[in-house]
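A.B. asks: Predicted structure and sequence below. I'll ask about it afterward.
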Amino acid sequence: GDNSSLERAVLNLLDNAVKFSPPDATVWVRLYPLGDGTAVVEVADAGPGIAEEDLPKVFDRFYRSSEARTLPGSGLGLAIVKHAAERHGGAVYASRAPEGGALMTIRLPGAPG
């Protein structure tokens, strides 16, 4: 894969997790293989989470939820994540973390090295 593209994707997820989490909160990062030869990267934050109506749109270019409009950013970060994942034959998903924040998942073909 393209190391710089994948690195940018993960950094974008980490940047968002830090941006939306309260100070001194924990950001969780997991990398693990699935039995089908897929590698998964998960980033979970302790922020407010993503509203249900925003979940299908967060990877659209220039989309910014009402909560994000007051923060710095252009609405391109998650679109870059999606592009990188799809370019490598993978996919991205947004959901809620068990702790209530956002949970972002990248699935890619192959196993972690």
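C.D. replies: Great, that's in hand. Numbering: from 1, shown residues only.
A.B. asks: Low-confidence stretches in this protein?
C.D. replies: Applying pLDDT under 70 to the chain picks out residues 62-75, 111-113.
A.B. asks: which secondary structure elements does the longest helix along it contact?
C.D. replies: Taking DSSP state H as the criterion, the chain has its longest helix at helix 3-20. Applying 3 or more CB pairs under 8 Å, 6 or more residues apart in numbering; DSSP states H and E, one finds that helix 3-20 makes contact with strand 38-44, helix 77-87, strand 102-109. (C-beta placed from N, C-alpha, C; glycine too.)
A.B. asks: Okay, angle between that helix and strand 102-109 too, please.
C.D. replies: Using axes from the mean of the first three to the mean of the last three CA atoms, to 10 degrees, one finds that helix 3-20 and strand 102-109 are set 170 degrees apart in direction.
A.B. asks: could you point out which element follows helix 3-20?
C.D. replies: Downstream of helix 3-20, the first helix or strand assigned by DSSP states H and E is strand 28-33.
A.B. asks: So what are the sheet partners of that next one and their directions?
C.D. replies: Applying DSSP bridges, strand 28-33 is found paired with strand 38-44 (antiparallel).
A.B. asks: Which residues does the strand it pairs with contact?
C.D. replies: By CB atoms under 8 Å, 6 or more residues apart in numbering, the residues outside strand 38-44 that reach it are 10, 13-14, 16-17, 27-34, 90, 97-99, 101-112.
A.B. asks: ok, residue 85 touching residue 106?
C.D. replies: Yes: if you go by CB atoms under 8 Å, residue 85 and residue 106 touch, sitting 5.1 Å apart.
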